[in-house]
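J.: Next comes the sequence, and after it the predicted model I'd like to discuss.
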Amino acid sequence: MIRIAIAGNPNTGKTSLFNELTSSYEYVGNWTGVTVEKKVGQLRGGQAQLIDLPGVYSLYPVSRDEGVATQFLLSEPFDSLVNVVDASQLERNLHLTVQLLEYGKPLVMALNMVDVARQRGIAVHAETLAEQLRVPVVPIVARTGKGTKELTDTMLAHSAEETRAEPLRLDYGPELESAIAQLEDWLPAGTMPPRWLAIQYLEGNPLVREAVENEIDRERLDRLVAQTEAALREAGSAKPLSSHLRLKRADYIGRLLSSCVEKKSDSRIPFSEKLDRLVTHPVLGIPVFLLVMYLMFKLTFDWVGSPFSDLLDAFLNGPVRTGLETAMRAVGVSAVLQAVVLEGIVAGVGGVLVFVPQIFMLFLLISFIEDSGYMARIAAVMDRLMEKMGLNGKAFIPMIIGFGCNVPGVMAARTIEQPKERLLTILLTPLMSCSARLSVYSLFVGAFFTSHRAVIVLSLYVLGIVIALALAKLFSSTLLKQEGSVFVVELPPYRVPQWRTLARSTWEKGKGFVRKAGTFIFGGSVFIWLLGYTGPGGWNVKMDDSFLAMAGGLLAPLLAPLGFGNWQAGAALLTGFLAKEVVVATMNIIYAAPDTDTLQGILANFFTPLQAYSFMAFILLYVPCLATVGVIRKETGSARWTWFSIVYALVVAYLVSLVIMLVGRSLGYR
């Protein structure tokens with residue numbers, strides 16, 4: 001099968017194009033670093049396999065995700081390339097294009113965002129650009145699908161036959177050309193494009209250096225580099241080899257653009273600049289971000305999400321429960337099995353599913369913010385604050401992703417160049433409030449804070465961010481002292497997201513929650529029910545005498561200073577390590593609300609508002625779920641740092657909940 005790789009700068013619409021061309025869907029976000037590893041899918045019709053590489057500005061990797069693209073060119077077989085470029089940012093994008101053309105594989109350029117370029121008064125003459133580069137150039141708008149049919153036909157036609165006899169050859173000057181020729185002679189026959197390898201080696205690409213040094217003696221290579229640098233100095237250039245190469249490419253790109261790009265002068269200030277003056281303002285930027293989050297939670301818990309959750313709750317605990325009970329009695333199902341289904345599965349799984357409307361509403365709003373272009377502005381605004389805490393704005397991107405799920409948030413830390421900064425981000429991302437915790441918040445704010453649900457949930461999200469920043473300052477000053485790093489983020493154009501894109505993005509984010517409810521929580525609910533109805537005394541014991549009560553009772557004395565020193569809370573926290581949604585399932589089973597009351601009504605007998613807030617703060621901060629622990633182990637490659645992430649989170653959760661109780665009681669709250 002034909003294998004086609006999709007390459008391009010970050011935020012040029014590569015993954016949007018990938019999703020449009022294939023029958024699969026990959027996560028799309030309107031900021032740098034969403035695709036942190038290569039993704040593979042089948043072209044619609046099955047004629048080819050598409051590989052979506054991480055967005056890179058250059059083939060010189062500065063982070064783990066960028067290394068994926070270079071390593072792919074070095075070691076993976078493929079037939080052709082699709083280079084996605086942003087028509088409104090063509091000059092910057094073409095630096096990667098030149099390096100790909102030097103590689104020599106058949107290449108098709110997908111000239112994306114031509115609509116944005118047109119709005120900015122930029123006209124790109126695709127025919128002239130194609131003639132100059134000697135490759136097909138197809139104008140497209142990836143997010144609407146415009147031009148993708150023509151692009152597909154062109155891709156397939158130019159993958160089946162070699163369209164470039166030789167790689168692009170730029171003249172880098174006599175000194176560098178001599179070194180390139182020498183390196184080409186030294187490389188063994190049959191290796192990948194020798195000129196491309198030589199250029200990338202002289203530029204300092206670490207992955208290429210490793211590959212070349214496996215073939216050629218290191219001392220010979222070092223002598224060649226030293227001789228070339230000396231020759232450049234004699235010629236009057238004191239710049240490093242890498243700078244010399246980039247300047248030559250920039251000269252070529254400048255000449256290219258002068259022949260194929262026209263810009264119309266416009267004295268009006270673009271709308272995006274006017275809006276950016278507000279949302280990226282040094283003082284107002286963070287308050288605007290908090291206001292946006294408050295509106296998100298207001299829509300989720302008060303205006304839209306909660307009414308649908310109430311309807312679903314009434315349906316599950318009304319017709320569904322009654323129907324199942326009637327059907328099982330009619331066919332003579334045993335009392336034990338009826339209890340498993342009604343008090344275990346329906347109570348456990350149903351207790352989690354009632355929060356699906358709120359979670360999907362939150363994901364819809366997050367998807368809207370991502371695709372609108374505002375998410376990159378949030379990272380830019382937070383950079384000023386995070387720099388003071390030992391991180392930079394790029395570290396906030398994995399944290400934002402962690403609002404949906406901590407697992408992809410931890411994985412997104414691959415985009416961070418500095419190793420210690422990447423490790424620090426991995427350790428702190430689990431403190432972000434994920435969608436699984438949202439089910440716990442929904443349960444408690446509905447029981448204790450009905451008039452201030454949005455404010456209470458917002459405070460928990462902000463608490464997670466504040467604790468993470470404080471720990472970043474502590475860890476970066478002690479355990480993980482590091483060199484400073486520079487944060488560069490591209491601010492994409494503002495745009496109105498398409499409903500089709502929003503719907504797909506929301507479903508992809510939320511389907512994991514539904515799937516988990518139908519599998520993991522389903523099985524967990526049955527197991528928890530069994531623990532709650534068996535004990536040393538045998539079968540069908542009182543809940544207070546069960547194995548579940550015994551396990552929770554071991555933690556109760558330790559949790560007493562935090563305001564929830566009962567075995568029920570201890571048991572829910574134990575099961576919550578598996579997945580935070582299981583906390584709600586466990587409470588539904590433990591408290592087994594009768595027909596005359598709801599779980600939220602029963603909780604009022606066991607918690608006060610202050611104790612409920614302390615419990616939610618503990619859920620926010622205590623140990624990461626099992627899946628997150630697994631990905632931390634994988635990403636850090638260290639059992640020591642994995643255990644550290646568990647222990648420090650538990651200590652921090654305990655201290656924060658204790659402070660909440662002490663301060664709350666001193667202020668007269670119960």
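T.: Perfect, thanks for sending it.

J.: host element of the closest residue to Leu316 other than its chain neighbours?
T.: Nearest non-adjacent residue to Leu316, counting by C-beta to C-beta, 6 or more residues apart in numbering: Gly350, 4.2 Å away. The C-beta positions use only the backbone N, C-alpha and C, and glycine is treated the same way. Element membership for Gly350 (DSSP states H and E) is helix 347-353.

J.: Same question for Ile51.
T.: Using DSSP H and E, Ile51 falls in strand 48-52.

J.: quick one: average pLDDT of that strand?
T.: For strand 48-52, mean pLDDT rounds to 91.

J.: who does it pair up with?
T.: strand 2-8 (parallel), strand 39-42 (antiparallel) (DSSP bridges).

J.: Val410 and Ala395 touch, don't they?
T.: No: counting by C-beta atoms under 8 Å, Val410 stays clear of Ala395, with 11.9 Å between them.

J.: rewinding a little: name the helices or strands packed onto the next helix or strand after the strand holding Ile51?
T.: Using DSSP H and E, the next helix or strand after strand 48-52 towards the C-terminus is helix 64-75. Packing contacts for helix 64-75, counted by 3 or more C-beta pairs under 8 Å, 6 or more residues apart in numbering; DSSP states H and E, involve helix 206-213.

J.: Counting by contacts, list what the helix it packs on packs against.
T.: So helix 206-213, by 3+ C-beta pairs under 8 Å, 6+ apart, packs with helix 64-75, helix 194-203.

J.: Out of the ones you listed, the one nearest Phe308 is which?
T.: helix 64-75 (37.4 Å; C-beta to C-beta).

J.: Would you indicate which residues of the closest one are buried?
T.: Judged by neighbour count using 16 or more other C-beta atoms under 10 Å, the buried positions of helix 64-75 are Arg64, Asp65, Glu66, Gly67, Val68, Ala69, Thr70, Phe72, Leu73, Leu74.

J.: rewinding a little: now what about the strand holding Ile51, what contacts it?
T.: Contact with strand 48-52 is made by 1-6, 14-15, 18, 21-22, 26, 35, 38-43, 72, 76, 78, 155-156, 159, as judged by C-beta atoms under 8 Å, 6 or more residues apart in numbering.

J.: Which residues does Val261 form beta bridges with?
T.: Beta-bridge partners, per DSSP bridges, of Val261: Val124.

J.: counting contacts, what elements does the very next helix or strand once past the helix holding Gly350 pack onto?
T.: Downstream of helix 347-353, the first helix or strand assigned by DSSP H and E is helix 356-372. Using 3+ C-beta pairs under 8 Å, 6+ apart as the contact test, the elements touching helix 356-372 are helix 285-298, helix 305-315, helix 435-448, helix 499-518.

J.: ok, now with 7 Å
T.: Packing contacts for helix 356-372, counted by 3 or more C-beta pairs under 7 Å, 6 or more residues apart in numbering; DSSP states H and E, involve helix 305-315, helix 435-448, helix 499-518.

J.: average model confidence for the last one?
T.: In other words, helix 499-518. Computed over helix 499-518, the average pLDDT equals 84.

J.: show me what contacts Phe363?
T.: Shown in contact with Phe363 (C-beta atoms under 7 Å, 6 or more residues apart in numbering): Gly404, Thr506, Lys509, Gly510.

J.: Domains of the chain: list them as residue ranges, please.
T.: Domain assignment of the chain by automatic domain parsing yields the ranges 2-159, 174-263, 285-491+508-666.

J.: wait, doesn't Lys394 sit right on Ala413?
T.: No: applying C-beta atoms under 7 Å, one finds Lys394 not in contact with Ala413, separated by 9.2 Å.

J.: Verify the stated contact: Gly351 with Asn588.
T.: Yes: using C-beta under 7 Å, Gly351 is in contact with Asn588, at 3.4 Å.

J.: what do these two both touch?
T.: Shared contacts of Gly351 and Asn588, counting by C-beta under 7 Å, 6+ apart, come down to Leu599.

J.: still on that earlier bit, generate a PyMOL selection restricted to the buried subset of the contacts of Phe363.
T.: Selection of buried members from the contacts of Phe363 for PyMOL, criterion 16+ other C-beta under 10 Å:
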select buried, resi 404+506+509+510
